[in-house]
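K.L.:
any chance you could fold what I've pasted below:
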Amino acid sequence: MPRKNKKLPRHLLVIRTSAMGDVAMLPHALRALKEAYPEVKRDRCDQSLFHPFFAGLDVDFWISKRRRTGVRGCSGCCVWPARRGGGESTPWPTCTGCCVRRWSSASTCGGFRLHGMPAARIDKGRIEKWFRLGCTNPAASPLKHTVVRYCDVLRRLGFVFDDPQPAAKPVRPNPFGEKKGVWIGFAPFSAQAGKTYPEDLAAGLVAGLSARYDRVFIHSGGGGEAAFAERMEREHPNVTALWGRVRFAGELDLIANLDCVVSMDSLAMHMASLVATPVVSVWGATHPALGFLGYGSGAASSAITAVCAFRRRPFSTVWRSACRSVGRRKPAVEAGGFDCLVPKDNDTMETRIFLFLTLGALLAGCRNSATAPKRVRLNVEMSVSAGNRAALLENLLLLAEASRAEPGCIGYEIYENSRDSSRILIFETWRDAASLEAHQQTEHFRLRAPRNRELSETSVLSRFEF
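P.N.:
Numbering: from 1, shown residues only. Model (predicted):
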């Protein structure tokens, strides 16, 4: 698109010094700008760590040798570009948002204007997001995506262009050599407690993913995160801890070659969006409808609010806020706590069911993304009288033991409700519909299934394919 308005900036300086996930959403907006205005020069004032995000966008980086923070940092950030070059090469920068604090963004843009350079900053929509707190309506329309908000910053400077299309699948080298089978990435960590999956449950998910897929890669940082990933690597032969094995660019190359990424609301989700890899995202203190979902997530990806099964859901627009119970404005746990990813009262049965249901959803998302044959999940809820309870449990255990020995059986679990002894839950997972049909023709099924119906008062069956 030719630049009809001669007053449009010829040289943009884009500043987004925030969380890495926020920075990873910026390339989508710059890609759309490049397609509409290829003649406009684009610069980034940021760390060299983020260079891989902007590959192919013709973005130059200005790297300061000193750490710039606080008021002095904001002032220096404004003066520094004005001192670089002169004449036709003098930058005409634009600010898309600086730091996390609102005063930093406003003061930095004001400093640019004092030096005669037009500037604009991002409108994060804090007020409309605040009004969504406590909203449990699943049909509510999502708020404006953060990527679109970045585009709006550029539009306020006079540029006219459409919202960016989802990223196309690139061809990138695989740092782990030839790929065989289905490869899954798993990123259970975040820099904030409210967006980090509990370690004990994460270990169960790693075991479930490694049992069903050829290779599982754990994305993590150093310290305790790296220790967890290395422990999983020792326990499961097809699990690989990435920390220390690949650099940042290599990790992005690997994600481009994965079949699916399982991630919290964190950097890995947005990295996968940059290379068009399907994502199954699990949400804790934040929420996908507030504009944080990986850009371009469509039918091949899915978002899971992991707390719905326990009458809780995320009630925070930012990670600092504690999770809250439905219908209450006060925190569900002590001030500053995060209970949205932890089953209620640490109940053993609920913890196991929570893990089982979450793993099932993750496997469904990963398997759909990998275009593998559909598996079958049966969930059965039974009620039984006190007099028949022992006989029913005995019959169920015998049926489960025989069923697990079948080649098409992936899982057969029986749970007793610790609060209501009359309720029994059964979760069956079968390799495909043919395996389930073969199971229903076996001698032990024909013997035990009618007996179960006789002993139980009610039985509700739900069937899912994934």
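K.L.:
and residue 203, which of the three is it?
P.N.:
Recorded secondary structure, residue 203: helix (DSSP: H, G, I helix; E, B strand; the rest coil).
K.L.:
which non-adjacent residue is nearest it?
P.N.:
Nearest non-adjacent residue to residue 203, counting by Cβ to Cβ, 6 or more residues apart in numbering: residue 232, 6.8 Å away. Placement of C-beta: from N, CA and C, glycine included.
K.L.:
all strands for the stretch 151-300 of the chain, in order.
P.N.:
Assigned by DSSP state E, counting those that start in this stretch, the stretch 151-300 of the chain shows strands spanning 183-187, 215-218, 239-241, 260-264, 279-283.
K.L.:
which one of those has the lowest average pLDDT?
P.N.:
For those, mean pLDDT drops lowest on strand 279-283, to a mean of 80.
K.L.:
packing partners for that strand?
P.N.:
strand 260-264, helix 267-274, strand 302-305, helix 348-369 (3 or more Cβ pairs under 8 Å, 6 or more residues apart in numbering; DSSP states H and E).
K.L.:
weakest of the ones you listed in terms of mean pLDDT?
P.N.:
Of all these, the minimum mean pLDDT falls on strand 302-305 (a mean of 49).
K.L.:
how many neighbours does the nearest residue to residue 246 once chain neighbours are set aside have?
P.N.:
Spatial nearest neighbour of residue 246, excluding adjacent residues (Cβ to Cβ, 6+ apart): residue 175 at 5.2 Å. Counted with other Cβ atoms under 10 Å, the neighbours of residue 175 add up to 16.
K.L.:
can you check the pLDDT for residue 175?
P.N.:
Reading off the model, residue 175 has pLDDT 94.
K.L.:
got the contact list for it?
P.N.:
By Cβ atoms under 8 Å, 6 or more residues apart in numbering, the contact set of residue 175 is 246, 250, 253-254.
K.L.:
most widely separated two among these?
P.N.:
246 and 253 (7.8 Å; Cβ to Cβ).
K.L.:
higher neighbour count, these two?
P.N.:
Higher neighbour count among residue 246 and residue 253: residue 253, with 19 against 16, using other Cβ under 10 Å.
K.L.:
burial of the closest residue to residue 408 other than its chain neighbours, as a residue count?
P.N.:
Excluding the flanking residues, the one nearest residue 408 by Cβ to Cβ, 6+ apart is residue 435, at 2.4 Å. Residues within reach of residue 435, counting by other Cβ under 10 Å, total 18.
K.L.:
surely residue 435 and residue 428 touch.
P.N.:
No: applying Cβ atoms under 8 Å, one finds residue 435 not in contact with residue 428, separated by 10.4 Å.
K.L.:
so for those two, which residues contact both of them?
P.N.:
With Cβ under 8 Å, 6+ apart, residue 435 and residue 428 have common neighbours residue 409.
K.L.:
just the endpoints, please. Distance across stretch 214-221?
P.N.:
From its first residue to its last, stretch 214-221 covers 23 Å (Cα to Cα, to the nearest Å).
K.L.:
buried set for it?
P.N.:
Within stretch 214-221, the residues that count as buried by 16 or more other Cβ atoms under 10 Å are 215-220.
K.L.:
equivalent analysis for stretch 202-213, please.
P.N.:
Buried residues in stretch 202-213, counted by 16+ other Cβ under 10 Å: 202-210, 212-213.
K.L.:
do stretch 419-427 as well
P.N.:
Buried residues in stretch 419-427 (16+ other Cβ under 10 Å): 422, 424-427.
K.L.:
please produce TSV containing those residues, extended by secondary structure and pLDDT.
P.N.:
Output for the buried residues of stretch 419-427, formatted as TSV (DSSP: H, G, I helix; E, B strand; the rest coil; pLDDT from 0 to 100):
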residue	secondary structure	pLDDT
422	coil	91
424	strand	93
425	strand	91
426	strand	92
427	strand	91
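K.L.:
so which of those comes closest to residue 239?
P.N.:
Checking those one by one against residue 239 (Cβ to Cβ), the nearest turns out to be residue 427, at 24.0 Å.
K.L.:
ok, so what distance separates that closest one from residue 456?
P.N.:
Note on residue 427: its distance to residue 456, by Cβ to Cβ, to the nearest Å, is 16 Å.
K.L.:
pull the number of nearby residues for residue 25.
P.N.:
23.
K.L.:
report the angle between the helix or strand where it lies and helix 267-274.
P.N.:
Assigned by DSSP states H and E, residue 25 belongs to helix 20-36. Between the axes of helix 20-36 and helix 267-274, defined by axes from the mean of the first three to the mean of the last three Cα atoms, to 10 degrees, the angle is 20 degrees.
K.L.:
I'd like to know which elements helix 20-36 is packed against.
P.N.:
strand 41-45, helix 146-156, helix 267-274.
K.L.:
residues of that helix that come out buried?
P.N.:
So, applying 16+ other Cβ under 10 Å, buried residues of helix 20-36: 20-34.
K.L.:
so which of these comes closest to residue 148?
P.N.:
Looking across those and measuring by Cβ to Cβ, the closest to residue 148 is residue 29, at 8.1 Å.
K.L.:
the closest one contacts residue 147, doesn't it?
P.N.:
Yes: counting by Cβ under 8 Å, residue 147 is a contact partner of residue 29 at 5.7 Å.
K.L.:
overlap in contacts of those two?
P.N.:
residue 164.
K.L.:
pLDDT score assigned to residue 343?
P.N.:
51.
K.L.:
and residue 334, by the same measure?
P.N.:
33.
K.L.:
count of neighbours near residue 57?
P.N.:
Residue 57 has 14 nearby residues by other Cβ under 10 Å.
K.L.:
not counting sequence-adjacent ones, nearest residue to it?
P.N.:
Closest to residue 57 by Cβ to Cβ, 6+ apart is residue 30, at 5.3 Å.
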